[in-house]
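J.: Sequence and predicted structure are below.
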Amino acid sequence: MPVKAANDDPEKARRFRDAALPHLDDVYTLARYLLRDAADAEDAVQECYLRALKHFDSYRGPAMKPWLFAILRNVCRAEYARRASSPTAPIDDVPDDAAQTPLWHEAQETPEAQMLHRWDSTTIGRLVAALAEPFRETLVLREIHDLSYREIADVVGAPVGTVMSRLARARAMLRSAWMAEEEQPK
Amino acid sequence: MTCDEAEILLHALIDGELDAGHARAVEDHIAGCPRCAAQLHAYREMSKAVAGADLRYAAPPELRRRIEASLPQARAVPNRRAVLKGFAMGSAVSAIAATGLVAIILRSDDEARIESEVVSAHLRSLQAGHLTDVLSTDQHTVKPWFNGKLDVAPPVIDLTAQGFTLIGGRLDYVDTRPIGAIVYRRRAHVINLFVAQTASAEPRSARIDSIQGFNIRRWSVRGLNYWAVSDLAADELAEFGDKFEATMKSGTGTAG
């Protein structure tokens, strides 16, 4: 194989492979939740790894996973833009009142409401995927990927305080959906 | 502390993100506020349920392969082509030896790590629905299935007559590279036979190791490394390997 560019440096490729490929399932999982489409997620993940290799020289840590997530998120933004320009595929299903929904109204505290139904993974996954952005993203990074608030803040480029309030709202929304699901089992 | 503040901070408490001072402030508030206490309890339960749910996706093997293929080769092994050629000429299973995909060159110095990865791959394969990508007892179905997926053609041999039933093939990943796995069954025991190209053309005789209660019989012949992994007893796994090698040598099992 002819060496034509810096990207063809085999030693760099080996280091990149060792550092980045073990996170492939994580990156793919995040892409699935961000894009909610298997084929789009695959394309985004591949693009993410191409970009990551390109910028691998400037990677200084600390952790590989959040770094890959931040790149993936940028890739997904381009996909959002593409969908936004297509009238049939709305990207962002944030209900108009999502930002205004007061936390208090999410759940009435009755003894029944405190009993949390044990939904199966499929149902929980569906409820999470149905959350509006940016709350879905924050919740997925915290609950599924187990990132710290600081890491989430770095990935999404927002202050830690914003991450905290988004996470609080995300959980309130999820809980509300969780209860609604309980009331009307399909 | 007001309920509004506690409503936000109790999440940080759940997530272990509060410093001692704030944590105590939230706990003090909650101790005197049944409503916030109920919230904390409910969110903690929900968080646990979400954490306990299987919400992850596994990247499709095809995606992994595409990304692998887009990376420059890790190391150039000067005699790779020679090894390939030797293998191609020496074996009846050569037709698809070079497909232009990423080569699997396994370095001999990290054998132990690879053996443990092979055992991991074996364990993964035993999870529901992961055992075979192509399900067939017919070697002429399993063998061509690997075409275009690997740059070696793993020999697929039917050993049913010898007591080991061929049940299919699978594309797996070891050492972050695609690798062919041929799956056999003996009674209730699954044997995964992993086949990868070796950097050295030297044949190596069989050796049996044991990792995490699994036996691994490893050997090299004609430029290919083999790892047979199973929970079968070592003597039965040795028998499998012996019969595989004998059939391979006699050439009766490799036609096709």
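T.: Great, that's in hand. Residues are numbered from 1 along each chain as shown, chains lettered A, B, ... in the order given.

J.: So, low pLDDT: which residues of the stretch 151-256 of chain B?
T.: Confidence mapping of the stretch 151-256 of chain B against pLDDT under 70 gives the ranges B:199-201, B:252-256.

J.: got the contact list for residue A:63?
T.: Residue A:63 is in contact with residue A:151, counting by CB atoms under 8 Å, 6 or more residues apart in numbering or on different chains. For glycine as for every other residue, the C-beta is placed from the backbone atoms N, C-alpha and C.

J.: and the residue positioned nearest the centre of chain A, what element?
T.: Residue closest to the average C-alpha location in chain A (CA atoms, centre = their mean): residue A:137, at 3.8 Å. When secondary structure is defined by DSSP states H and E, residue A:137 falls within helix A:135-139.

J.: Check residue B:180 too.
T.: Secondary structure assignment for residue B:180, by DSSP H and E: strand B:177-186.

J.: Then residue B:205?
T.: Going by DSSP H and E, residue B:205 is part of strand B:204-211.

J.: Quick check: the residue nearest to the centre of chain A touching residue A:156?
T.: Yes - with contact defined as CB atoms under 8 Å, residue A:137 counts as touching residue A:156 (6.6 Å).

J.: quick one: common contacting residues for those two?
T.: Contact criterion CB under 8 Å, 6+ apart; residues shared by residue A:137 and residue A:156: residue A:73.

J.: hang on, the earlier thing: what residues sit buried inside the strand holding residue B:180?
T.: For strand B:177-186, a neighbour-count test (16 or more other CB atoms under 10 Å in any protein chain shown) marks B:177-186 as buried.

J.: What parts of the stretch 101-250 of chain B come near chain A?
T.: residue B:176 (CB under 8 Å from any CB of the partner chain).

J.: Which residue does the stretch 101-250 of chain B have closest to chain A?
T.: Proximity of the stretch 101-250 of chain B to chain A (CB to the nearest CB) peaks at residue B:176, 5.0 Å away.

J.: All the helices of the stretch 51-200 of chain B, in order from the start?
T.: In the stretch 51-200 of chain B, helices defined by DSSP state H, counting those that start in this stretch lie at B:61-70, B:80-90, B:111-125, B:139-145, listed in chain order.

J.: Would you mind putting those helices into JSON lines with mean neighbour count and mean pLDDT alongside?
T.: Output for those, formatted as JSON lines (neighbours: other CB atoms under 10 Å in any protein chain shown; pLDDT from 0 to 100):
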{"stretch": "helix B:61-70", "mean neighbour count": "17", "mean pLDDT": "90"}
{"stretch": "helix B:80-90", "mean neighbour count": "16", "mean pLDDT": "40"}
{"stretch": "helix B:111-125", "mean neighbour count": "18", "mean pLDDT": "81"}
{"stretch": "helix B:139-145", "mean neighbour count": "19", "mean pLDDT": "85"}
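
J.: right, so of those, which gets closest to residue A:168?
T.: helix B:61-70 (34.3 Å; CB to CB).

J.: count of neighbours near residue 12?
T.: Using chain A. 17 (other CB atoms under 10 Å in any protein chain shown).

J.: That was the other one, I meant chain B.
T.: For residue B:12, the neighbour count with other CB under 10 Å is 20.

J.: tell me which element it is part of?
T.: helix B:3-14.

J.: wait, does that helix make contact with chain A?
T.: Yes - contact of helix B:3-14 with chain A (CB under 8 Å from any CB) involves B:7-9, B:11-12.

J.: among those, which two are most distant?
T.: Farthest-apart pair in these is B:7 and B:12; separation 11.0 Å (CB to CB).

J.: on that earlier part again, turn the helices of the stretch 51-200 of chain B into TSV, columns for distance to residue B:32.
T.: Converted to TSV, the helices of the stretch 51-200 of chain B look like this (distance: least, CB to CB, whole Å):
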stretch	distance to residue B:32
helix B:61-70	53
helix B:80-90	72
helix B:111-125	50
helix B:139-145	67
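
J.: buried sites along stretch B:216-231?
T.: B:216-230.

J.: of all the residues you listed, which two lie farthest apart?
T.: Top of the distance list for the buried residues of stretch B:216-231 (CB to CB): B:223 and B:230, 24.1 Å.

J.: quick one: the strand holding residue B:205 to helix B:111-125, angle?
T.: 60 degrees (axes from the mean of the first three to the mean of the last three CA atoms, to 10 degrees).

J.: and after strand B:204-211, which helix or strand comes next?
T.: Using DSSP H and E, the helix or strand that follows strand B:204-211 in sequence is strand B:214-221.

J.: Show me what that following strand is packed against.
T.: Here strand B:214-221 touches helix B:111-125, strand B:204-211, strand B:224-230, helix B:234-250, going by 3 or more CB pairs under 8 Å, 6 or more residues apart in numbering or on different chains; DSSP states H and E.
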